[in-house]
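1. Would you be able to build a 3D model of this:
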Amino acid sequence: MKVKIAFAALALGIPVAGSAHAQDLGIGVGKKAPAAVVYSLDGKKVDLGSYVGKTPILMEFWAVWCPNCRELEPSLIATQKKYGSRVKFIGVAVAINESVARVKAYAQKHSFTHEILFDTDGNAAEAYDAPATSYVVVIDKSGKIVYAGLGGDQNLEAAIRKAL
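-> Residues are numbered from 1 along each chain as shown. Take a look at the predicted model:
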């Protein structure tokens with residue numbers, strides 16, 4: 001429930017907290033990455049747990065309306081270009097004040113090449129204790145959380161190196 005309140009506050013433009021960095025908020029480093037059902041942009045069910053244990057993962061909880069997400073986007077794209085062959089990049093679009101059509105149009109306009117999923121019911125946000133958008137979780141190949149951070153100025157490369 002607190003996740004939905006934080007996302008709703010952000011959707012209304014109410015600040016939830018200042019820029020947080022690794023382990024200020026969210027799921028604990030060292031925990032096993034949880035499974036959660038989300039949806040592809042064409043409406044198919046996807047279990048995030050099906051990705052765990054195959055390769056390192058960088059997962060961002062984001063929204064089209066999120067200014068911190070837009071700030072983080074160049075770093076995300078650059079990091080994906082550098083590590084995309086060794087790390088699975090997943091964008092989990094939150095459903096607060098958002099639609100699949102809007103997410104799909106934004107991803108196409110910005111030429112996203114990473115997988116974009118839609119958290120229709122808030123399952124992933126709840127499972128990962130996502131405090132807000134621009135929340136990044138990095139999971140190593142064994143399925144352990146090695147980084148969790150929030151904000152537009154995260155060092156994604158350093159986070160990924162923890163998973164490799």
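2. what about the most centrally placed residue in the chain, helix or strand, and which?
-> Nearest residue to the geometric centre of the chain (C-alpha atoms, centre = their mean): Glu60, 1.6 Å. For Glu60, the host element (DSSP states H and E) is strand 57-62.
3. Return the list of helices and strands in contact with whichever helix or strand comes after that strand.
-> Counting by DSSP H and E, the next helix or strand C-terminal to strand 57-62 is helix 67-83. When contacts are defined as 3 or more C-beta pairs under 8 Å, 6 or more residues apart in numbering; DSSP states H and E, helix 67-83 packs onto strand 57-62, helix 156-163. Quick note: C-beta positions are derived from backbone N, CA and C, even for glycine.
4. now helix 67-83 against helix 156-163, angle please.
-> Interaxial angle, helix 67-83 versus helix 156-163 (axes from the mean of the first three to the mean of the last three C-alpha atoms, to 10 degrees): 60 degrees.
5. how far is the very next helix or strand once past helix 67-83 from where the chain is centred?
-> Downstream of helix 67-83, the first helix or strand assigned by DSSP H and E is strand 88-94. Relative to its chain's centre, strand 88-94 lies at 5 Å (C-alpha atoms, centre = their mean, to the nearest Å).
6. And for stretch 94-105?
-> From the chain centre to the centre of stretch 94-105 is a distance of 14 Å (C-alpha atoms, centre = their mean).
7. Next: stretch 52-63.
-> 7 Å.
8. same question, stretch 106-121
-> Centroid displacement of stretch 106-121 relative to its chain, using C-alpha atoms, centre = their mean, is 11 Å.
9. okay, the helices and strands packed on helix 67-83 in CSV with mean pLDDT and distance to Gly30 next?
-> Output for the helices and strands packed on helix 67-83, formatted as CSV (pLDDT from 0 to 100; distance: least, C-beta to C-beta, whole Å):
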stretch, mean pLDDT, distance to Gly30
strand 57-62, 97, 16
helix 156-163, 95, 11
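10. Please identify the most buried of the ones you listed.
-> The highest mean neighbour count among the helices and strands packed on helix 67-83, using mean count of other C-beta atoms under 10 Å, belongs to strand 57-62: a mean of 25.
11. SS state for Gly149?
-> Recorded secondary structure, Gly149: strand (DSSP: H, G, I helix; E, B strand; the rest coil).
12. quick one: it and Ala159 touch, right?
-> Yes - contact criterion C-beta atoms under 8 Å: Gly149 and Ala159 qualify, at 6.8 Å.
13. between the helices and strands packed on helix 67-83, which one is nearest to Ala127?
-> Comparing those against Ala127 with C-beta to C-beta, the closest turns out to be strand 57-62 (10.9 Å).
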